[in-house]
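Engineer: Let's see this in three dimensions:
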Amino acid sequence: MLELGRDLLDEVLAHARGQYPNEGCGVLVGPEGFGRAERFVALRNAAPSPSSSYELDPMDQLELYRGLESRGEEVVVIYHSHPHTEAYPSATDVFLAADPDPHYLLVSTRDGREEVRSFVIRGGVVGEEQLRVLEP
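Structural biologist: Numbers count the residues shown, from 1 in each chain. As a prediction, this is how the structure comes out:
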């Protein structure tokens, strides 16, 4: 199960809406070893497209991981949006999910609606998990 604070989810949704009609992407990070997301980090999509594909900008990733190490943080959630399809990992998403540890959060913004779902992706196998939003 993924538990997210309402404030973090609202930032993810705002970023996804702001990137429309292209896919938006980023991460949620938290203290290393706790598995709890506490901070929102939007990343640039290096391959902006309205299709079901995204690529985290390599320079953004490098900067992110350098900062995480110095702060004692880790990536808890990798998120991206699907502007025109459901919030379910595409074959490309599954292929790109090389790290089995983070949760993969997908946001669909199709038809002006928002759908949010969370997944674990390990060894090419997709498993949906419960998403619990923690209200302030």
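Engineer: For residue 114, see how far away residue 70 is.
Structural biologist: Using Cβ to Cβ, to the nearest Å, we find residue 70 at a distance of 34 Å from residue 114. All C-beta spots, glycine's among them, are computed from the backbone N, C-alpha and C.
Engineer: show me what contacts residue 132?
Structural biologist: Neighbour list for residue 132: 1, 2, 3, 4 [criterion: Cβ atoms under 8 Å, 6 or more residues apart in numbering].
Engineer: can you tell me the helix or strand for the residue nearest the centre of the chain?
Structural biologist: Nearest to the geometric centre of the chain sits residue 79, at 0.8 Å (Cα atoms, centre = their mean). Residue 79 belongs to strand 73-82 when assigned by DSSP states H and E.
Engineer: what about residue 106, which SS state?
Structural biologist: strand (DSSP: H, G, I helix; E, B strand; the rest coil).
Engineer: Quote the end-to-end distance of stretch 128-136.
Structural biologist: Terminal residues of stretch 128-136 lie 25 Å apart, using Cα to Cα, to the nearest Å.
Engineer: Give the residue spans of this protein that score low on pLDDT.
Structural biologist: Within the chain, the ranges that satisfy pLDDT under 70 run 50-52.
Engineer: Alright, calling it a day.
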